[in-house]
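Asker: predicted structure and sequence below. I'll ask about it afterward.
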Amino acid sequence: MPEIPRFHLAMPVDDLTAARRFYGEVLGLEQGRSAETWVDWNLNGHQFVTHLAPTRTERVHNPVDGHDVPVPHFGLILTVPEFHRLADRLRAANTEFVIEPYVRFEGRPGEQWTMFLLDPAGNALEFKAFADDDQVFAA
């Protein structure tokens, strides 16, 4: 697989202390530069930034495989072992899941492990894993 370009994503949070605890301690991300109103995080080589923004927009949900998926959301595609290690880490931190870890599209194209959760500011995150990387864009 060719090297994938890194992305930069900035997300609003209403409490940087809570963001530091969640992203740094619960998810275990390495913190980079920061200021009074933002913090850079290393999200598996991608630059993820939490910016202080006290107001929120309304969230919508779309049905996917029998679950109400929060929109917008972001996350990572992990290996299956990484996915299960993260799920165990989140459970150990008593994380409340929006959608508990499960296999989506089982036995169909695009079969994947997936889980959804919210950060302390209400941003939705999805982490997923494919046993077969060729299924990432399967139709």
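Answerer: Happy to help now that I have it. Numbers count the residues shown, from 1 in each chain.
Asker: in this protein, what spans have low per-residue confidence?
Answerer: Across the chain, residues meeting the criterion (pLDDT under 70) sit at 1-2, 57.
Asker: which strands and helices sit next to the longest helix along it?
Answerer: Within the chain, and with DSSP state H defining each element, the longest helix by residue count is helix 80-92. The helices and strands touching helix 80-92, judged by 3 or more CB pairs under 8 Å, 6 or more residues apart in numbering; DSSP states H and E, are strand 97-104, strand 112-118, strand 124-129. Where you see a C-beta, it was placed from the backbone N, CA and C, and this is true even at glycine.
Asker: would you list those in a markdown table and tack on mean neighbour count?
Answerer: Compiled in a markdown table, these are given as follows (neighbours: other CB atoms under 10 Å):
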| stretch | mean neighbour count |
| --- | --- |
| strand 97-104 | 16 |
| strand 112-118 | 21 |
| strand 124-129 | 20 |
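Asker: quick revisit: now do the longest helix of the chain against strand 97-104, angle only.
Answerer: 150 degrees (axes from the mean of the first three to the mean of the last three CA atoms, to 10 degrees).
Asker: and the direction of helix 80-92 versus that of strand 124-129, what angle?
Answerer: 140 degrees.
Asker: buried residues, helix 80-92. List them.
Answerer: Buried residues in helix 80-92, counted by 16 or more other CB atoms under 10 Å: Phe83, Leu86, Ala87, Leu90.
Asker: starting at the chain centroid, how far to that helix?
Answerer: 12 Å (CA atoms, centre = their mean, to the nearest Å).
Asker: report the inter-axis angle for it versus strand 112-118.
Answerer: Using the same axes, to 10 degrees: helix 80-92 against strand 112-118 is 30 degrees.
Asker: what residues does helix 80-92 touch?
Answerer: Residues from elsewhere that reach helix 80-92 (CB atoms under 8 Å, 6 or more residues apart in numbering): 26-28, 78, 97, 101, 113, 115, 117, 127-131.
Asker: now with 6 Å?
Answerer: If you take CB atoms under 6 Å, 6 or more residues apart in numbering as the criterion, helix 80-92 is touched by Pro101, Trp113, Phe127, Ala129, Ala131.
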